[in-house]
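Peer 1: can't give you the sequence, but here's the structure:
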């Protein structure tokens, strides 16, 4: 934030845009040092790296906004943190520990990247080991990229539900 204030004060053309990311299926969970009993995983819902990359590219191409939110879970967490931060903290304290562990027991002999890189010998790509559980699309990112259309669809949905509710009440 401080850099943004300085850049704006100086009249620079530079724009800073944040991309708020969800859990992403990256290889880091295969080699991160963990003391958890089970294999580490991103907290579900997990998104494919391409979803995150699309958000970053869009933010770079359209830097007018201060932030883009990726993932409905990210939006929910941001809203919950603004509305009831203490409640969110209690919820995460109850669910967060288990949700960052896969069902499989952790392999104690696996290589970790704490003291040296594990991926020097090969390119492991962008995908981790959670392809089956990962989402390839995100409605929240679509809404962030098309805010006017998303607002129009939401307004249309609310109007349709209101009309349907009025019709049901009229029949009674």
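Peer 2: Yep, that arrived. Since the structure is predicted, the reported quantities are computational estimates derived from the model, not experimental observations. Residues are numbered from 1 along each chain as shown.

Peer 1: How much space separates residue 59 from residue 113?
Peer 2: With the distance defined as CB to CB, to the nearest Å, residue 59 ends up 28 Å from residue 113. For glycine as for every other residue, the C-beta is placed from the backbone atoms N, C-alpha and C.

Peer 1: more neighbours, the two?
Peer 2: Taking neighbours as other CB atoms under 10 Å, residue 59 and residue 113 compare with residue 59 leading, 21 against 15.

Peer 1: Residue 114 contacts residue 31, correct?
Peer 2: No: assessed by CB atoms under 8 Å, residue 114 is found out of contact with residue 31, at 9.1 Å.

Peer 1: Have a look at those two and say which one is more surrounded.
Peer 2: Higher neighbour count among residue 114 and residue 31: residue 31, with 18 against 10, using other CB under 10 Å.

Peer 1: Can you tell me how far the closest residue to the more buried one other than its chain neighbours is from residue 105?
Peer 2: In space, not counting the residues next to it along the chain, residue 31 is nearest to residue 118; the distance is 4.2 Å by CB to CB, 6 or more residues apart in numbering. Using CB to CB, residue 118 is found at 20 Å from residue 105.

Peer 1: Which stretches in the protein count as helices?
Peer 2: Secondary structure of the chain (DSSP state H): helices located at 2-9, 28-31, 49-61, 72-83, 85-99, 139-145, 147-171.

Peer 1: ok, back up a step: between residue 118 and residue 105, which one's more packed in?
Peer 2: For residue 118 and residue 105, the more surrounded residue by other CB under 10 Å is residue 118, and the numbers stand at 18 against 10.

Peer 1: In space, what's closest to the most centrally placed residue in the chain - neighbours in sequence excluded?
Peer 2: The residue lying closest to the centre of the chain (CA atoms, centre = their mean) is residue 22, at 1.6 Å. Among residues not flanking residue 22 along the chain, residue 71 sits closest, at 2.9 Å (CB to CB, 6+ apart).
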